[in-house]
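Asker: pasting the structure only:
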């Protein structure tokens, strides 16, 4: 990266001009908004159009607000139609034009910008030169050029690479775009939130970002390959390229937990796309309280695809004929619904209607009609009779027995609170032990019920079977239906259960999804061995595509070395990503003399890490059951810290239970007692692999128990 490049002053002038044009665009937008607000009268249509216009202006102003993010980060020079003429385009975060509407900066997502990310020495895509900027805010710090054509292979020709012998890691990375610029970006300290990589996107990442929007795209990526941030950039690219209809249809991002959502929440706004919904699965079933702890067996049973039949049978068990004839005194006589007739109504309702609640009014009508036929009135008014019968307790009780209106919460709460109901729905599907794992004490009211995270998919499955509650006229309000999205992105998809995958699929409008994960990091109850294990539960309208990320950008090679040993045992069929940079330090391993001394060593080593990473952030990653003890030890030593499940990564030092560390990256990581991490769960070695691959600079391991054999060099 050259800080004395001859074009440095000229490029700085262009960047200054771009910012001036951007400011003028902002000023003009505010002026137009002020004019629009000044006019408040007119027809309803006119007011509606003004409000819509104002909303679009606000979106535009939000889009133009970059904060501290750099506007321009590169340039491409390309030949014009096989001539010697060269045209240049500056590539940046968003498109900027001058007063003559001539482009000053091209949006990174525009087709003309694609060679900036995809061109290679063998396939230059018409480029003569690609230029990378090292920028801090508005200030240009350095320039790195890559030249294409005769005698050039697309490798950076700059002071950072020229003349120096390449290390083995650099030799493996010479195909990377803007290598020195990339290293500069990777060396920056973490902030506690994931940042965008729009300036340093590599070719294999860009292939994923710009892939067609239809069908299911699976991204397999090991630690540090950037799969999460690539998926988020893909959301921004899709909204730019397919603005209509995606802006109306919506883009949904599903993350594994709220710590993760806090960590990624600034990426899309930094790319000018603030309207994407980012949720955990529980957010998709509104009006319920989550947080109940449950056994591992219960989690596994609730995630099993057999629950589809279990839920269907539980609903069917609530569709029951009468035990005996219903006789209702009415007027001067009696109305009668025979038991045999009630059974016919139930059979017919099941045949006619796909969803339970939609049939409720039909069942009621059939009951009223059958009762009316036994009365003295030869030509009864069915609607008037219906209104009268609704006031009669016996009729309401009979209707509620035959075909009650259900809600997901009511059905599951009643089901979990009764061994008999669970056994009736599941005795052909689950073992006695599995059925027993679902039973729990009833709450006094439905409002008091607290649900486990695994219940979210079941609440959703029940809703799919029963449908929303009908209104008094029997109609279903469309606003009560599940919202569908034009594109869905799922991160850490390898840990979702079949029922959770069904829940996500149910929200897909056309089957377009991007799912990212790493089979080697799969630690859930249904950890897949192959992507086909998951794809069977995702949309299948088009053939799915699986793309792998092979390069690790974040984790230094010395840290990956110890992690790779664990991966070789935990997931021997997978290949570890190739690190592109050497770190300055290998892992530090500290063995505590006693179990009591372990926490003293954690405190002291955490303080050492804080010093070593400067202004960067540090995480203490520990077994979940040790989280309270680690926090207590830090508090007793007056070491300021946060806790991931309450404060995300807002503190410089954060204690992170291993169960929520997946997807995070930090400058320094202290892993506590690897043997306990391994022993605590079925896929413990994979959990340890996750913990060991969170650091971008320094890794320290503190243990008293012997290290797992997989960590030891052979």
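Answerer: Noted; the coordinates are in hand. Since this is a predicted model, take the numbers as computed values, not measurements.
Asker: Wait, residue 95 touches residue 105, no?
Answerer: Yes. Between residue 95 and residue 105 there is a contact at 6.2 Å, judged by CB atoms under 8 Å. For the C-beta atoms, the positions are set from N, CA and C on the backbone; glycine is no exception.
Asker: For these two, work out which one has more neighbours and name it.
Answerer: Between residue 95 and residue 105, residue 105 has the larger neighbour count (other CB atoms under 10 Å), namely 26 against 18.
Asker: Tell me if the more buried one really is in a strand.
Answerer: Yes. Secondary structure of residue 105 (DSSP: H, G, I helix; E, B strand; the rest coil): part of a strand.
Asker: Identify the bridge partners of it.
Answerer: residue 96 (DSSP bridges).
Asker: What lies in contact with stretch 597-615?
Answerer: Around stretch 597-615, the neighbours that count as contacts under CB atoms under 8 Å, 6 or more residues apart in numbering are 189, 588, 590, 592, 618, 620, 622, 629-630, 633-634, 637, 639, 641, 652-653, 667-670, 672-673, 697-698, 700, 702-704.
Asker: Sorry, wrong one. I was asking about stretch 448-462.
Answerer: 281-282, 284-285, 288-294, 298-299, 302-303, 307-308, 311, 314-315, 406, 408-409, 411-413, 443, 482, 497, 499-500, 502-503, 506.
Asker: what do you get if the cut-off is 7 Å, keeping everything else the same?
Answerer: Identification of contacts with stretch 448-462 by CB atoms under 7 Å, 6 or more residues apart in numbering yields 281-282, 284-285, 288-292, 294, 299, 302-303, 307-308, 311, 408-409, 411-413, 443, 497, 499-500, 502-503, 506.
Asker: ends of it, how far apart?
Answerer: End-to-end span of stretch 448-462 (CA to CA, to the nearest Å): 19 Å.
Asker: Just the buried positions in it, please.
Answerer: Across stretch 448-462, burial judged by 16 or more other CB atoms under 10 Å covers 449, 451-462.
Asker: and what of stretch 11-29?
Answerer: So for stretch 11-29, counting by 16+ other CB under 10 Å, buried means 11-12, 14-15, 17-19, 21-22, 25, 29.
Asker: Just those: which are in strands?
Answerer: Members of the buried residues of stretch 11-29 lying in strands (criterion: DSSP state E): none.
Asker: Switch these over to TSV; also include pLDDT.
Answerer: Shown next, in TSV, are the buried residues of stretch 11-29 (pLDDT from 0 to 100):
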residue	pLDDT
11	96
12	96
14	97
15	96
17	96
18	95
19	94
21	93
22	90
25	84
29	73
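Asker: where along the stretch 601-714 of the chain do the strands fall?
Answerer: Here the stretch 601-714 of the chain has its strands, by DSSP state E, counting those that start in this stretch, at 618-622, 642-643, 653-657, 666-672, 695-703.
Asker: Please work out which of these is packed deepest.
Answerer: strand 618-622 (a mean of 29; mean count of other CB atoms under 10 Å).
Asker: Which strands or helices does that one pack on?
Answerer: Helices and strands touching strand 618-622, by 3 or more CB pairs under 7 Å, 6 or more residues apart in numbering; DSSP states H and E, are helix 595-612, strand 653-657, strand 666-672.
Asker: Nearest to residue 4 among the strands of the stretch 601-714 of the chain would be which one?
Answerer: Shortest distance between residue 4 and the strands of the stretch 601-714 of the chain, using CB to CB, is found for strand 695-703: 28.4 Å.
Asker: Among the buried residues of stretch 448-462, which one lies nearest to residue 370?
Answerer: Nearest to residue 370 out of the buried residues of stretch 448-462 is residue 462 (CB to CB; 29.2 Å).
Asker: Could you report the neighbour count for the nearest residue to the closest one once chain neighbours are set aside?
Answerer: Spatially, and ignoring its direct neighbours in sequence, residue 462 is nearest to residue 408 (3.9 Å; CB to CB, 6 or more residues apart in numbering). Using other CB under 10 Å, residue 408 has 22 neighbouring residues.
Asker: Same check on residue 436?
Answerer: Neighbour count of residue 436, defined by other CB under 10 Å: 15.
Asker: need the contact list for it.
Answerer: Shown in contact with residue 436 (CB under 7 Å, 6+ apart): no residues.
Asker: can you rerun that using 10 Å?
Answerer: Residues near residue 436 by CB atoms under 10 Å, 6 or more residues apart in numbering: 297-298, 301, 419, 422-423, 430.
Asker: Now tabulate these in a markdown table and tack on neighbour count.
Answerer: Shown next, in a markdown table, are the contacts of residue 436 (neighbours: other CB atoms under 10 Å):
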| residue | neighbour count |
| --- | --- |
| 297 | 14 |
| 298 | 21 |
| 301 | 25 |
| 419 | 12 |
| 422 | 21 |
| 423 | 15 |
| 430 | 20 |
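Asker: Let's see which of these end up in strands.
Answerer: Using DSSP E, no member of the contacts of residue 436 falls in strands.
Asker: quick one: which of those residues is nearest to residue 530?
Answerer: Minimum distance to residue 530 across the contacts of residue 436 is 23.3 Å, recorded for residue 301 (CB to CB).
Asker: Which residues does stretch 368-379 contact?
Answerer: When contacts are defined by CB under 10 Å, 6+ apart, stretch 368-379 is touched by residues 326-328, 330-338, 341-342, 344-345, 380-390, 395, 398-399.
Asker: which of those are buried?
Answerer: For the contacts of stretch 368-379, a burial check counting by 16+ other CB under 10 Å picks out 326, 328, 330, 335-337, 341-342, 345, 380, 385-386, 389, 395, 398-399.
Asker: Among those residues, name the ones in strands.
Answerer: Within those, residues falling in strands by DSSP E are 326, 328, 330, 335-337.
Asker: In JSON lines: the helices and strands packed on strand 618-622, plus mean pLDDT and distance to residue 370.
Answerer: Putting the helices and strands packed on strand 618-622 into JSON lines (pLDDT from 0 to 100; distance: least, CB to CB, whole Å) gives the following:
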{"stretch": "helix 595-612", "mean pLDDT": "96", "distance to residue 370": "73"}
{"stretch": "strand 653-657", "mean pLDDT": "96", "distance to residue 370": "59"}
{"stretch": "strand 666-672", "mean pLDDT": "96", "distance to residue 370": "69"}
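Asker: ok so, going back, in PyMOL, how would I select the buried members of the contacts of stretch 448-462?
Answerer: Buried residues within the contacts of stretch 448-462, by 16+ other CB under 10 Å, are selected in PyMOL with:
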select buried, resi 281+282+284+285+288+290+294+299+302+303+307+308+311+408+409+411+412+413+497+499+500+502+503+506
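Asker: any shared contact partners between residue 95 and residue 105?
Answerer: With CB under 10 Å, 6+ apart as the test, residue 95 and residue 105 both reach residue 113.
Asker: ok, so of the buried ones among the contacts of stretch 368-379, who is nearest residue 534?
Answerer: Using CB to CB, residue 345 is the member of the buried ones among the contacts of stretch 368-379 that lies nearest residue 534, at 41.5 Å.
Asker: For that closest one, which residues are in contact?
Answerer: For residue 345, the contacting residues are 319, 321-322, 337, 359, 362-367, 369-370, 402-403, by CB under 10 Å, 6+ apart.
Asker: Show me the shaky parts of the protein.
Answerer: Applying pLDDT under 70 to the chain flags the ranges 1-2, 33-64, 150-175, 187, 189-190, 472-474, 476-479, 646-647, 714.
Asker: Have a look at it and report its longest helix.
Answerer: In the chain, ranked by residue count with DSSP state H as the criterion, the top helix is helix 8-38.
Asker: residues in contact with residue 678?
Answerer: Neighbouring residues of residue 678 by CB under 10 Å, 6+ apart: 566, 570, 623, 684-688, 705, 707-711.
Asker: Strands of the stretch 201-350 of the chain, residue ranges please.
Answerer: If DSSP E, counting those that start in this stretch is used as the criterion, the strands of the stretch 201-350 of the chain fall at 216-221, 251-254, 277-279, 289-290, 326-330, 333-337.
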